[in-house]
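Student: Here you go, sequence then predicted model.
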Amino acid sequence: MEAWLNVVHGVKLILWFHYFEYDTIQYQAMAKFTDQVNRLAPVILGPEPEIHAADNANQQANRVDTMVRYQDGYIYVFAVRITEPDPITGSLYTIIEPPTLNVNFQLDKITSGSAKVVDEDRTVTVIGGTFADTFARNAVHIYKIPLRSVYLPLVRK
């Protein structure tokens with residue numbers, strides 16, 4: 001989640017220093033992140049389309065950040081759930097986040113169709129530019145929407 005949040009907010013380099021903690025979950029997560037970033041690098045570094053994404057998850061304990069890109073006839077929406085650890089005794093952070101968030105997305109200039117969720121073997125239905133999905137803690141979903149679902153103009157000049 002943290003690595004993808006950096007990408008969504010424009011970082012062009014990720015460094016990972018892992019030598020003091022040998023947690024296999026971290027290795028698996030970073031291996032998946034590295035694989036996805038390597039495959040999707042042309043998308044991530046591609047043009048920002050004239051399409052804006054809005055969602056209903058924009059407050060503490062209920063937040064998903066997004067990035068929209070265009071590449072090879074597809075619009076990609078990268079969506080990352082921001083997740084805080086559960087509070088500990090004496091912590092100033094006292095909110096316990098729900099295990100899942102139901103998020104509604106609205107994309108302007110998008111018609112109806114479907115969006116493939118990259119690496120998840122599922123699709124979500126897009127109706128009038130709107131679609132919904134569920135986010136577990138730390139979840140990252142990447143939606144791939146075919147160009148035929150989009151009104152032009154697409155790319156900023």
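Tutor: Structure's in. What do you need? Residues are numbered from 1 along each chain as shown.
Student: Now do the strands in this protein.
Tutor: Counting by DSSP state E, the chain has strands at residues 53-55, 58-59, 62-71, 74-81, 100-107, 113-117, 122-126, 130-136, 140-146.
Student: could these be laid out in a markdown table, adding distance to Leu15?
Tutor: Just so you know, the C-beta spots here come from the backbone N, C-alpha and C atoms, and that holds for glycine as well. Shown next, in a markdown table, are the strands of the chain (distance: least, Cβ to Cβ, whole Å):
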| stretch | distance to Leu15 |
| --- | --- |
| strand 53-55 | 28 |
| strand 58-59 | 29 |
| strand 62-71 | 20 |
| strand 74-81 | 19 |
| strand 100-107 | 29 |
| strand 113-117 | 28 |
| strand 122-126 | 32 |
| strand 130-136 | 26 |
| strand 140-146 | 19 |
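Student: Which one of these lies nearest to Pro47?
Tutor: Pro47 lies closest, by Cβ to Cβ, to one member of the strands of the chain: strand 62-71, at 5.5 Å.
Student: List of residues touching that closest one?
Tutor: For strand 62-71, contacts defined as Cβ atoms under 8 Å, 6 or more residues apart in numbering pick out 5, 7-9, 42-44, 46-49, 51-53, 55, 57-58, 75-82, 97-98, 101, 103, 105, 107, 135, 154-155.
Student: Buried ones among those residues?
Tutor: With neighbours counted by 16 or more other Cβ atoms under 10 Å, the contacts of strand 62-71 contain buried members at 5, 7-8, 43-44, 49, 51, 53, 55, 57, 75-82, 97, 101, 103, 105, 107, 135.
Student: just so I know, which of the strands of the chain lies nearest Ala29?
Tutor: strand 140-146 (9.9 Å).
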